[in-house]
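Peer 1: attaching a predicted model along with its sequence, questions to come.
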Amino acid sequence: MTTTTICDPRSAPDLDTLARIVTASETPPGEGVAAVGSDLESSVQRCRADLIRTARELKRDVRPWAAEVRGKLKAALAELAHLLDWGVADGWASISGPVTHKLEQWLTTSTRELAARRALL
């Protein structure tokens, strides 16, 4: 027997809330950031913006699968918010190897999924 779990959209945070959570975890202006951390930071922020933009585009979509895709995009954003809260709390300059690895994994997975979702649009 196979079960499918579908995220209840009423219990998931909205996109604006997720954007505020992730933005609050960004490095404050004026703090020094290592070159590698800067590349990772800019890549993560660019992917986050693409996910938010795509989810907002899907908000207007009435096709049945659009709500499920939007839920997956929100889940990816929530995962990023958790990673940033957990591992980048002191700024991008102080992230450790395991956190860098998890962020790189998130970035790879999210970029791949985003490309697949855009192909459906």
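Peer 2: Yes, it's here. Residues are numbered from 1 along each chain as shown.

Peer 1: now do the strands in this structure.
Peer 2: Counting by DSSP state E, the chain has no strands to list.

Peer 1: low-confidence ranges, it, go.
Peer 2: 1-37, 120-121 (pLDDT under 70).

Peer 1: just give the nearest non-adjacent residue to residue 50, would you?
Peer 2: Once flanking residues are discounted, residue 50 sits nearest to residue 114: 5.8 Å by CB to CB, 6 or more residues apart in numbering. For glycine as for every other residue, the C-beta is placed from the backbone atoms N, C-alpha and C.

Peer 1: and that neighbour, how far from residue 60?
Peer 2: Separation of residue 114 from residue 60 (CB to CB, to the nearest Å): 18 Å.

Peer 1: more neighbours: which of those two?
Peer 2: residue 114 (17 against 7; other CB atoms under 10 Å).

Peer 1: can you pull the contacts of the more buried one?
Peer 2: By CB atoms under 8 Å, 6 or more residues apart in numbering, the contact list for residue 114 reads 47, 50-51, 54, 73.

Peer 1: look up how far residue 78 lies from it.
Peer 2: Distance, residue 114 to residue 78, using CB to CB: 15 Å.

Peer 1: over to residue 41?
Peer 2: Taking CB to CB, one finds residue 41 at 19 Å from residue 78.

Peer 1: can you check residue 99 too?
Peer 2: Counting by CB to CB, the gap from residue 99 to residue 78 is 17 Å.

Peer 1: residue 84 too?
Peer 2: 11 Å.

Peer 1: same drill for residue 41 and residue 78, tell me which one is more crowded.
Peer 2: Between residue 41 and residue 78, counted using other CB under 10 Å, the more crowded position is residue 41 (21 against 17).

Peer 1: so that one sits right up against residue 95, yeah?
Peer 2: No - judged on CB atoms under 8 Å, residue 41 makes no contact with residue 95 at a distance of 9.0 Å.

Peer 1: quick one: the helices in this structure, in order.
Peer 2: Remark: helices assigned in the chain by DSSP state H are 15-24, 35-59, 64-87, 97-120.

Peer 1: fine by me, we can end here.
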